[in-house]
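> Generate coordinates for the sequence data below:
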Amino acid sequence: MLIFLILIASVLLLWAILIFNMLVRDRNRVHAAWSDIDVQLNRRYDLIPRLVEAVKQYAKYEQSSFEAITELRAQAQNTAVIADKGPLEGELGTGVLRLIAVAESYPDLRASENFLSLQRDLVEVENHIQYARRYYNGAVRELNTRIDRFPDLIIARQLRFRHEDYFELESADKRETPMIGQS
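Numbering: from 1, shown residues only. Got it, this is the predicted structure:
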């Protein structure tokens, strides 16, 4: 009888260790995925001032647009809570689209190699953000499902694993990657 109890206790302990390790793996995957998003967002933050300056030289009367996008960039860059960051990033993407639309009105600017390079870099960054966001949200889904799934939830609740927030943009139209026209 003692051997049977020891065997059951060993199986339960191995099971708990296995579940714990899978929870840790999933949590680390979420953190790594967020890190990928953060890198791309920082690349975007670095491109925006350069793009604003390039357009500003041609469109001097658009000062309020430049100030608005600069303010959005600062807010998004200084927001650490993922649930709050998504809507700001959505607005920032819309602001960048408006900035590009302003630039489309200036043929000299559209022909500028510097502007075209910034535009290509921005398209690349936006695509990377979209892919990184999909991966991150998938990793969050896996972790949150594991935390809610029986019998994993027993270990997850005992060890205080918590649900992670999805990186969602404010509305369906903002969820799409901004399409920036190539001239």
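> ok, residue 166 - how many residues close by?
Counted with other C-beta atoms under 10 Å, the neighbours of residue 166 add up to 15. Backbone N, C-alpha and C define where each C-beta goes, glycine included.
> Distance of it relative to residue 81?
Plainly put, residue 166 is 13 Å away from residue 81 if you go by C-beta to C-beta, to the nearest Å.
> Equivalent analysis for residue 21, please.
For residue 21 relative to residue 81 (C-beta to C-beta), the value is 28 Å.
> right, and the helix or strand after the helix or strand hosting residue 130?
In this structure, residue 130 sits in helix 113-148 according to DSSP states H and E. Per DSSP H and E, helix 113-148 leads on to helix 152-158 as the next helix or strand towards the C-terminus.
> quick one: contacts of that next one?
Contact with helix 152-158 is made by 16, 19, 20, 22, 23, 146, 147, as judged by C-beta atoms under 8 Å, 6 or more residues apart in numbering.
> could you dump it to PDB, C-alpha only?
Taking Å, rounded to 0.1, in the frame of the first residue of the first chain, the C-alpha atoms of helix 152-158 are listed here in PDB:
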ATOM      1  CA  ASP A 152      -3.600  23.000 -15.800                       C
ATOM      2  CA  LEU A 153      -5.600  25.600 -14.000                       C
ATOM      3  CA  ILE A 154      -5.000  23.900 -10.700                       C
ATOM      4  CA  ILE A 155      -1.300  24.500 -10.900                       C
ATOM      5  CA  ALA A 156      -1.700  27.900 -12.600                       C
ATOM      6  CA  ARG A 157      -3.900  29.300  -9.800                       C
ATOM      7  CA  GLN A 158      -1.800  27.900  -7.000                       C
END
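> okay, now the closest residue to residue 162 other than its chain neighbours: neighbour count?
Distances taken as C-beta to C-beta, 6 or more residues apart in numbering place residue 147 nearest to residue 162, at 7.6 Å, with adjacent residues excluded. Residue 147 has 19 neighbours, counted by other C-beta under 10 Å.
> report the angle between the axes of the lengthiest helix in the chain and helix 113-148?
Identified as the longest helix of the chain according to DSSP state H is helix 2-56. Going by axes from the mean of the first three to the mean of the last three C-alpha atoms, to 10 degrees, helix 2-56 is angled at 160 degrees with respect to helix 113-148.
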